[in-house]
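# Quick one, fold the following:
(4 chains)
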Number of protein chains: 2
Amino acid sequence: MTESPEAIVKKDARNRRVAGADPDKRRQILDGALHVFTARGFDAASMNDIAAAANVSKGTLYVYFEDKEHLFVALIEREREAQKRGAFEALNHDSDPVRALSNFGQCLVGMLNNEFAVSAHRVVIGVAERMPDLGRSFYENGPAQGSKLIARYLDRMVAEGKLAIDDTRLAAVQFIDLCQATLMRPRLFNAIRSAPSEEEIQRIVASAIEMFMARYGVKPTR
Amino acid sequence: MTESPEAIVKKDARNRRVAGADPDKRRQILDGALHVFTARGFDAASMNDIAAAANVSKGTLYVYFEDKEHLFVALIEREREAQKRGAFEALNHDSDPVRALSNFGQCLVGMLNNEFAVSAHRVVIGVAERMPDLGRSFYENGPAQGSKLIARYLDRMVAEGKLAIDDTRLAAVQFIDLCQATLMRPRLFNAIRSAPSEEEIQRIVASAIEMFMARYGVKPTR
DNA sequence: GTCAAATCGAACTGATTGGTTCGATTCTTT
DNA sequence: AAAGAATCGAACCAATCAGTTCGATTTGAC
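Numbering: from 1, shown residues only, chains lettered A, B, ... in the order given. Below you'll find the predicted structure:
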């Protein structure tokens, strides 16, 4: 029953198609699963619904994915990876911390407030008690990587004398949390149905940077 | 929702007990439900398990609560109310903002990192997509009330000239989020199994206040 | 002690779900 | 065109679960 998780090789030795190895179909299934899982959560999402949403027969579903949990994990990993890529692109290593952080903050908040991203967060958090490994892996490969990225950037700025930070690891998370103040929590609880406007994001991020620089900016010699 | 401290069983006109009206039994059921719901989430929690955990027959369960969802909502409301009470007590209206905020921050973070509180958060967030009303009500009567409380306190400090804040509503949330930096998120994702130590909380809250005062503290005449 | 009501407990119902099976159909390669 | 594999689709299975039923048992007021 072991099937190669990699869908790179499309043909077998005799150049035949291989069951469950068409990357297009795999993507198609994951897209359907994304809709159903994010709309209903892990438990309430039925494999029948997913098959229908993906325009795929139930049998094929089980050719591509061992069971519901494996499908779910594969989906979450795909989304998390996409998010991580986005974050890495967002930090242009500008030598001016205000510009760099401002740019990064806005990209990050914009990404996190995307409809599916919020839903994915909800689902992973909701299932974290029963599936601690998934929760931990999602956190450590996602959010934790983002803050590490920023922490390293802050380290450089400190080395260059542009910022004065004792604990850059903490400062990074503080910055990320400040950027999401008033934006993320109500969305997680579904208390606000639509993503914040671009201007609202801009306003919150600006305030975050104001605060960050007030604390960690180097004082001009007086 | 005022219930007498001592168990006064409701009686009918002829002084008979009334079905589903014993507050002790009700509490007993909710306690069992708390364990099961927080350990498994809404969907994976079975009414059989809850009845067993509460030492109550399944029939009695349905005498006290209409169905699974009503039981869940009642439980969440009880927990949320308890949390709100805790928050209100935590803010001693000290006239020194550093002392007041420090005290409040530590109480808040301590409360939020309690095992059941974290689990409750997870469950509510996880179910918010399918039960938006519950999510919204939990948020608006819980976290939102907490930040309103702080915002009002900040308003007073501003009026007294002890702080300089343009948007106290935003500042309140910023403060709350700073207090939870590095503490709450990994716990929500279950990436850290145990609550942070008292010293760790103290360290984070201290850093939060440092930052908050750097931004909003009144500058001494320069 | 009596008696009525609350509770127990254990079986039962009806619906749903994850996962399987298998013959019919559609691709794809030669 | 022919073959062989992937896919479809629809029925099927076993387990689980919310919610009900009902006689047996406990409880508490009198």
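
# all contacts plus neighbour counts: C-alpha atoms, from now on.
Noted.

# can you give me the helices for chain A?
Using DSSP state H, the helices found in chain A span residues A:23-44, A:47-53, A:58-64, A:68-90, A:97-112, A:115-127, A:132-141, A:143-159, A:168-180, A:184-188, A:198-216.

# so which of the ones you listed gets nearest DNA strand D?
Each of the helices of chain A was checked against DNA strand D via CA to the nearest atom of the strand, and the shortest separation belongs to helix A:58-64, namely 4.5 Å.

# Flag every buried residue along that closest one.
For helix A:58-64, burial by neighbour count (16 or more other CA atoms under 10 Å in any protein chain shown) applies to A:61, A:64.

# quick one: contacts for the residue nearest to the spatial centre of chain A?
Taking CA atoms, centre = their mean as the criterion, residue A:83 is the residue nearest the geometric centre of chain A, at 3.7 Å. When contacts are counted by CA atoms under 8 Å, 6 or more residues apart in numbering or on different chains, residue A:83 touches A:111, A:142.

# For residue A:191, which residues are in contact?
Residues counted as contacts of residue A:191 (CA under 8 Å, 6+ apart) are B:132-133, B:135-137, B:139-140.

# let me fix that: residue A:62
With the criterion set at CA under 8 Å, 6+ apart, residue A:62 makes contact with nothing.

# Next one: it, what pLDDT does it get?
We note a pLDDT of 97 for residue A:62 in this prediction.

# For residue A:43, see how far away it is.
As defined by CA to CA, to the nearest Å, residue A:62 lies at a distance of 18 Å from residue A:43.

# do the same with residue A:37
Separation of residue A:37 from residue A:43 (CA to CA): 9 Å.

# Neighbour count: these two, which is higher?
A direct count of neighbours by other CA atoms under 10 Å in any protein chain shown for residue A:37 and residue A:43 places residue A:37 higher, at 25 against 15.

# Return the residues in contact with the more buried one.
Contacts for residue A:37 were tallied using CA under 8 Å, 6+ apart; they are A:45, A:72, A:123.

# out of those, who has the most neighbours?
The most neighbours of any of the contacts of residue A:37, using other CA under 10 Å, belong to residue A:123, which has 27 neighbours.

# Save the contacts of residue A:37 as TSV, and put in distance to residue A:156 too.
Rendered in TSV, the data for those read as follows (distance: CA to CA, whole Å):
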residue	distance to residue A:156
A:45	45
A:72	38
A:123	36
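
# gap between the least confident helix or strand in chain A by mean pLDDT and the chain center?
Here the helix or strand of chain A ranked lowest by mean pLDDT, DSSP states H and E is helix A:68-90, holding a mean of 92. In terms of CA atoms, centre = their mean, to the nearest Å, the centre of helix A:68-90 is found 6 Å from the chain centre.

# do that helix and DNA strand D meet at all?
No. Shown here: helix A:68-90 not in contact with DNA strand D (CA under 7 Å from any atom of the strand), separated by at least 14.6 Å.

# residues contacting residue A:40?
Under the criterion of CA under 8 Å, 6+ apart, the contact list for residue A:40 reads B:129-130.

# Roughly how far does it sit from residue A:126?
11 Å.

# got it, and residue A:196?
For residue A:196, the distance to residue A:126 - CA to CA - is 23 Å.

# Pop the domain breakdown of chain A in here.
Residue ranges for the domains of chain A, per automatic domain parsing: A:1-66, A:76-216.

# Could you work out the end-to-end span of the last one for me?
Between the opening and closing residues of domain A:76-216 we find a distance of 35 Å, counting by CA to CA.

# follow-up on the earlier one: next, format the domains of chain A as JSON lines and append distance to residue B:189.
Written out in JSON lines, the entries for the domains of chain A read as follows (distance: least, CA to CA, whole Å):
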{"stretch": "domain A:1-66", "distance to residue B:189": "15"}
{"stretch": "domain A:76-216", "distance to residue B:189": "5"}
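
# Return the most buried member of the ones you listed.
With neighbours taken as mean count of other CA atoms under 10 Å in any protein chain shown, the domains of chain A reach their highest mean count in domain A:76-216, at a mean of 19.
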